[in-house]
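A.B. asks: next come a sequence and a model predicted from it.
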Amino acid sequence: MSQSNTSSSAQRQNIENIEYADLGFDSKETTYPLSKDENLASLIGAFQMTFNDSVYQENWDYEFTKDIIAGLQDEDYEGILALNEGTVVGFAWGYVPESEEMRTDNDFPDELQEVDTSFLDGETYWFNELGVVEDWRNQGLGKRLKEKELDRIAERQDISRGLERTNFEDENEKKLGLDSDLGFEPVNYEGEPLVKEIEQIGVEDEEGNPMTDPRVYMWREL
């Protein structure tokens with residue numbers, strides 16, 4: 001969601017007509033249940049358009065993306081979808097990982113526990129995904145989505161802090177600025193931001209080795 005693209009004035013007005021729905025899998029959770037094939041396909045399409053055409057330049061195929069989204073049902077998740085006439089044009093979601101998951105999942109490096117053991121106390125919300133499709137970028141939609149996600153989390157008493165990971169290159173300066181505006185700051189490890197090289201999804205070099213990019217861990221109290 002960090003790319004810069006020129007948008008028409010008509011598109012800029014359309015953002016005010018965006019509808020928002022909770023991320024959910026049945027009609028008891030949301031007005032836009034992902035149990036409906038067309039809704040799920042719309043979210044997968046938005047996800048692919050966002051990250052296959054972004055600073056990440058990744059390659060999310062349909063079935064892999066479908067599995068990632070389905071996996072949220074096993075997590076304590078929260079999420080918001082931005083809809084334009086029933087089509088997903090933006091999304092934000094995350095979940096509360098269990099302490100043991102944070103100790104064993106590669107998403108959460110050992111350095112986090114060295115910085116502060118409370119990161120692994122079961123009260124950390126992992127801001128997992130935030131994206132806006134190309135035609136809707138640079139209008140503040142990403143910020144609105146994240147603000148709504150933050151508002152939703154603020155209603156919960158079992159979450160003390162938020163943690164995220166995002167690209168740490170100059171091309172992603174808008175996303176980094178958005179996070180800073182919303183109170184996020186880099187996790188400080190030995191006097192420097194905690195940055196890890198992360199494998200890009202579906203991207204290999206000429207020798208078939210997974211390519212990586214630098215991503216910084218950021219956090220804020222909630």
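C.D. replies: Here it is on my side, so go on. Residues are numbered from 1 along each chain as shown.
A.B. asks: can you give me the buried ones in the longest strand along the chain?
C.D. replies: Determined from DSSP state E, the single longest strand within the chain is strand 210-221. The neighbour-count check on strand 210-221 (16 or more other CB atoms under 10 Å) flags 213, 215, 216, 217, 218, 219, 220 as buried. All C-beta spots, glycine's among them, are computed from the backbone N, C-alpha and C.
A.B. asks: wait, which of the residues you listed is closest to residue 177?
C.D. replies: Of all the buried residues of strand 210-221, residue 177 sits closest to residue 218, with 11.8 Å by CB to CB.
A.B. asks: how about residues contacting the biggest helix by length in the chain?
C.D. replies: Longest helix of the chain, by residue count under DSSP state H: helix 37-52. Applying CB atoms under 8 Å, 6 or more residues apart in numbering, the external contacts of helix 37-52 come out as 1, 32-34, 58-60, 62, 65-66, 69, 81, 86-91, 129, 131-134, 201.
A.B. asks: quick one: buried residues of stretch 159-167?
C.D. replies: 159, 162, 163, 164, 165, 166, 167.
A.B. asks: doesn't the third one lie inside a helix?
C.D. replies: I take that to be residue 163. No: membership of residue 163 in a helix is not supported by DSSP: H, G, I helix; E, B strand; the rest coil, which gives strand.
A.B. asks: so it bridges to which residues?
C.D. replies: Counting by DSSP bridges, residue 163 forms beta bridges with residue 126, residue 219.
A.B. asks: okay but it is in contact with residue 222, surely?
C.D. replies: No: Residue 163 lies out of contact with residue 222 (CB atoms under 8 Å); the separation is 10.2 Å.
A.B. asks: what touches both of those two?
C.D. replies: Common neighbours of residue 163 and residue 222, using CB under 8 Å, 6+ apart, are residue 125.
A.B. asks: as a whole number, average confidence for stretch 64-80?
C.D. replies: When pLDDT is averaged over stretch 64-80, the result is 97.
A.B. asks: give the buried residues for it.
C.D. replies: Neighbour counts using 16+ other CB under 10 Å place 65, 66, 69, 72, 75, 77, 78, 79, 80 of stretch 64-80 among the buried residues.
A.B. asks: nearest to residue 189 among the buried residues of strand 210-221?
C.D. replies: For the buried residues of strand 210-221, the nearest to residue 189 is residue 217 (8.4 Å; CB to CB).
A.B. asks: now residue 147: how far from residue 99?
C.D. replies: According to CB to CB, to the nearest Å, residue 147 and residue 99 sit 28 Å apart.
A.B. asks: so for these two, which sits in the more crowded spot?
C.D. replies: More crowded of residue 147 and residue 99, by other CB atoms under 10 Å: residue 147, with 16 against 13.
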